[in-house]
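# Sharing a model prediction with you, sequence too.
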There are 2 protein chains.
Amino acid sequence: MSQPLRLGIAGLGTVGMGVVKIVQAHGDLLALRAGRPIAITAVSARDRTKNRDADLSGYAWETDPVALARRPDVDILIEVMGGENGPAKAATEAAIAAGKDIVTANKALLAHHGQALAEAAEAAGRVIRFEAAVAGGIPVIKALTEGLAGNAIRRVMGVMNGTCNYILTRMESAGLPYDHVFEEARQLGYLEADPNLDVGGIDAGHKLSLLAAIGFGTRVSFGAVELEGIGRISIDDIRRAADMGYRIKLLGVAQMTGRGLEQRMSPCLVPADSPLGQLQGGTNMVVLEGDSVGQIVLRGPGAGQGPTASAVMSDVIDIARGIRLPTFGQPATTLAEPIPAKAAAPAPFYLRMALADKPGALAKVATVLGEAGISIDRMRQYGHQDPTAPVLIVTHRTTRDAVDHALSRLPATGVVVGDPVAIRIESV
Amino acid sequence: MSQPLRLGIAGLGTVGMGVVKIVQAHGDLLALRAGRPIAITAVSARDRTKNRDADLSGYAWETDPVALARRPDVDILIEVMGGENGPAKAATEAAIAAGKDIVTANKALLAHHGQALAEAAEAAGRVIRFEAAVAGGIPVIKALTEGLAGNAIRRVMGVMNGTCNYILTRMESAGLPYDHVFEEARQLGYLEADPNLDVGGIDAGHKLSLLAAIGFGTRVSFGAVELEGIGRISIDDIRRAADMGYRIKLLGVAQMTGRGLEQRMSPCLVPADSPLGQLQGGTNMVVLEGDSVGQIVLRGPGAGQGPTASAVMSDVIDIARGIRLPTFGQPATTLAEPIPAKAAAPAPFYLRMALADKPGALAKVATVLGEAGISIDRMRQYGHQDPTAPVLIVTHRTTRDAVDHALSRLPATGVVVGDPVAIRIESV
């Protein structure tokens, strides 16, 4: 059997220690599958004294991940520190310069610097792999880059932030308001140090931008992702949407339209009985649509030590097996500069508003919608609560612009109390 | 850009023509992703005069697929004829002998001859790829062989025969008996020429045996798959199972137990609200469980021109990209001879029987079950219909042997009318 493939692990947090555990537990199995032994030679973390629940004494220790990346006894840098700049970026650049391959779980790094890093790696004949960066243990990068390589990709969708999905499903199942469940999630340790990375859709948006680059052969353009978080989703909307047969998800959608590349990460309604609608708790789901294959749905754990380390190891084993692909599935220099679509493709919308108890109130609303070119698919008015009555409307396919225009004209009717809510319904 | 990769397609039926269409439609995209052009140089089919809805005039024509396999201008034999012996086997063997790689959609061929073919190919330095052989367009071979390569696989499950799932879901939704829906399916062209390949579980069993070989590092042992078809599933059981919160699926399960490798393809009850339970119609689903990743669920079209050709093309592009793996993920000579488990792992069972209207009838049944060591989780007796009353029982975890023993003793009670039904409940 040939020489061991030597790993240097930068970052000994949850994911890094997960990789250590797999390598220590499955040496023979990995060697059999990879065709050569896989060995950890060096590790790096800030605090050497921390108790890490595994024997690290056989590995060289570096306090500086850049020094780790340059070690002659390291073939692959496993970058599992996180952060879009700082040590993660420095170590990755150093590894490429020193002729190492990279396996990373760092979606922020690639969402911001993916193009430059991919070009540098490819110029140096090295690979950057990042299965663990998107949807945790689900092998979605592989499914899209390799499994669906014979397809023109039509659309990529995903629920890719487990914390947001946990919050939304917990709001529904327990009937609790957003702020309450947000606080629960914080206490359970589900939230990032900056919670806006989760609930603002940034983390999931990073992931979407990477899938879009692979699917559509375009440069990663996280800056063009239309981001909207879940902070404004009310328990009222969750309940009313359920009444109409929908669930609310923080859903990422990327598609190439005649007007350019559309990338959105925002709350959407999806049919409650669809795979996306049925997704509960912290589980992730990615939907891939290709012209030949139709629709493929992948579901699995989006975070956690075992799943994320499983994804890292699949990249490591690929490299051990001699699988060497361009970072985004085609040479980085051939990736097109995407033209961001100015507006999302038309869709039905869910509208909720409170109507004053006045004669002709509903007719006035319908008139405003009609004047904005919006036709109504379904409408439901509930009994009066306090002085107002909740009204739900599901529109036919229309544009966000038309909806915003109509909403801006509703106050003048004098019959709508408070701010109406509009949420896109994504057809899945 | 380097030399084109040259395909010879043996079989111009649905799948073969699907491959032709993708290569003709997506030349530039494929070359960009594969790193080299992909070209069809020769094709083979029995009837040259048939109208095939695509221009084949640029390809050499062979009437004999073995001659196609030996052509010097063919790098990869695409074997999409089907059949476990005959021309498919001869052409595959000829291709290996002539130094070609193989991409096949032929589950029967590999289920019966996979070990010998893999050894021959690996000795010759060639690869055999078969993504299209299992679950159509779902990239499940890739997910298991590569995506989960860092895991000890715990269990592989799947609904992998769309026709059976169509029949079972149609029986439920339309309230129609098996024979009626079977006939519908035949008229719709959903059934193989020998319908037992579908409804007898053979086709799905072939697929399961291939997944088991990869997952557990064992030689393909289709002969050891416990097969049971759907022909005995009644509309009554489908309805009663639904009453208890379950759906009936033709479910494949492979797991390595302390008592050996268990491989079953048989009707099972699964929770109606689980992903497997929610699977409707001809769609396929595969569930992969690994020690690190937990559970991954893959869902997609299991048949049809586009999906199957998509899977074939993913193998072709892998080969073009220089990805060369052993057929079953580790060298064929290292695959272990599996010890077939003599009995399936314990599970809860669903029992249905008709009780005579006699005092103490239920007590007698409960006594027989108790004496067989079977304890009852839930029981439901319905009102009397004719002279008997339907009784449903969900047992706690027990063995098939205990269930069969209890069923054999029920007639002697004199209170059970007709044959009781017992179906395993698989925990998913």
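In hand now; what should we look at? All of these numbers come straight from a predicted model, not from anything done at the bench.

# The stretch 201-350 of chain A: strands as residue ranges?
A:226-227, A:246-257, A:260-271, A:283-290, A:294-301, A:349-356 (DSSP state E, counting those that start in this stretch).

# same check, this time on the stretch 1-150 of chain A
Going by DSSP E, counting those that start in this stretch, the stretch 1-150 of chain A shows strands at A:5-10, A:38-44, A:60-62, A:76-79, A:101-104, A:128-129.

# which strands and helices sit next to the third one?
Translated: strand A:60-62. Strand A:60-62 sits against strand A:38-44, with contacts defined as 3 or more CB pairs under 8 Å, 6 or more residues apart in numbering or on different chains; DSSP states H and E. (Each C-beta comes from the backbone N, C-alpha and C, glycine too.)

# Report all helices and strands that the strand it packs on contacts.
With 3+ CB pairs under 8 Å, 6+ apart as the test, strand A:38-44 has strand A:5-10, helix A:14-25, helix A:27-34, strand A:60-62, helix A:65-70, helix A:305-320 packed against it.

# and with 10 Å instead?
strand A:5-10, helix A:14-25, helix A:27-34, strand A:60-62, helix A:65-70, strand A:76-79, helix A:305-320 (3 or more CB pairs under 10 Å, 6 or more residues apart in numbering or on different chains; DSSP states H and E).

# on that earlier part again, would a markdown table of the strands of the stretch 201-350 of chain A with distance to chain B be doable?
Output for the strands of the stretch 201-350 of chain A, formatted as a markdown table (distance: least, CB to the nearest CB, whole Å):
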| stretch | distance to chain B |
| --- | --- |
| strand A:226-227 | 26 |
| strand A:246-257 | 12 |
| strand A:260-271 | 12 |
| strand A:283-290 | 6 |
| strand A:294-301 | 4 |
| strand A:349-356 | 23 |
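
# Quick one: these as CSV, columns for mean neighbour count and mean pLDDT too.
Below are the strands of the stretch 201-350 of chain A laid out as CSV (neighbours: other CB atoms under 10 Å in any protein chain shown; pLDDT from 0 to 100):
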stretch, mean neighbour count, mean pLDDT
strand A:226-227, 16, 96
strand A:246-257, 24, 97
strand A:260-271, 23, 97
strand A:283-290, 25, 98
strand A:294-301, 24, 98
strand A:349-356, 21, 95
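
# got the residues of the stretch 1-150 of chain A near chain B?
Residues of the stretch 1-150 of chain A lying close to chain B (CB under 10 Å from any CB of the partner chain) are A:18-19, A:21-23, A:25-26, A:29-35, A:38, A:131, A:136-150.

# per-domain residue ranges of chain A.
As recorded under automatic domain parsing, the domains making up chain A are A:5-133, A:144-300+A:328-334, A:349-424.

# Now that we have the residues of the stretch 1-150 of chain A next to chain B, which of them are buried?
A:18-19, A:21-23, A:26, A:29-35, A:38, A:131, A:136-150 (16 or more other CB atoms under 10 Å in any protein chain shown).

# Please identify the buried residues of the helix or strand in which A:Val365 is found?
Here A:Val365, judged by DSSP states H and E, is contained in helix A:361-371. Within helix A:361-371, the residues that qualify as buried are A:Ala361, A:Leu362, A:Lys364, A:Val365, A:Val368, A:Leu369, counting by 16+ other CB under 10 Å.

# how far out from the middle of the chain is it?
Counting by CA atoms, centre = their mean, to the nearest Å, helix A:361-371 is centred 38 Å from the centre of its parent chain.

# What lies in contact with the helix or strand just after it?
Downstream of helix A:361-371, the next assigned helix or strand under DSSP H and E is strand A:376-381. Identification of contacts with strand A:376-381 by CB atoms under 10 Å, 6 or more residues apart in numbering or on different chains yields A:240, A:243-245, A:348-352, A:355, A:361-362, A:365-366, A:369-370, A:389-397, A:425.

# same check, this time on stretch A:185-193
The contact list for stretch A:185-193 (CB under 10 Å, 6+ apart) reads A:82, A:161-164, A:166-167, A:170, A:182-184, A:195, A:197-200, A:202-203, A:282, A:303.

# Could you rerun that using 6 Å?
For stretch A:185-193, the surrounding residues in contact (CB atoms under 6 Å, 6 or more residues apart in numbering or on different chains) are A:Thr163, A:Ile167, A:Asp198.

# End to end on it, go ahead and measure it.
Taking CA to CA, to the nearest Å, stretch A:185-193 runs 12 Å from one end to the other.

# which bits of the stretch 201-350 of chain A sit near chain B?
By CB under 6 Å from any CB of the partner chain, the residues of the stretch 201-350 of chain A that approach chain B are A:292-294, A:296-301, A:306-307, A:309-310, A:313-314, A:317, A:323, A:329-330.

# Apply 8 Å and report the result again.
Residues of the stretch 201-350 of chain A lying close to chain B by CB under 8 Å from any CB of the partner chain are A:217, A:273, A:275, A:278, A:290-301, A:304, A:306-307, A:309-314, A:316-318, A:321-325, A:329-331, A:334.

# Which residue of chain A lies farthest from its centroid?
Distance from the centre of chain A peaks at A:Pro359, with 46.3 Å (CA atoms, centre = their mean).

# and that one, what pLDDT?
Per-residue confidence (pLDDT) for A:Pro359: 87.

# Need the three-state assignment for it.
For A:Pro359, the assignment made with DSSP: H, G, I helix; E, B strand; the rest coil gives coil.

# so which strand or helix has A:Ala389?
strand A:388-395.
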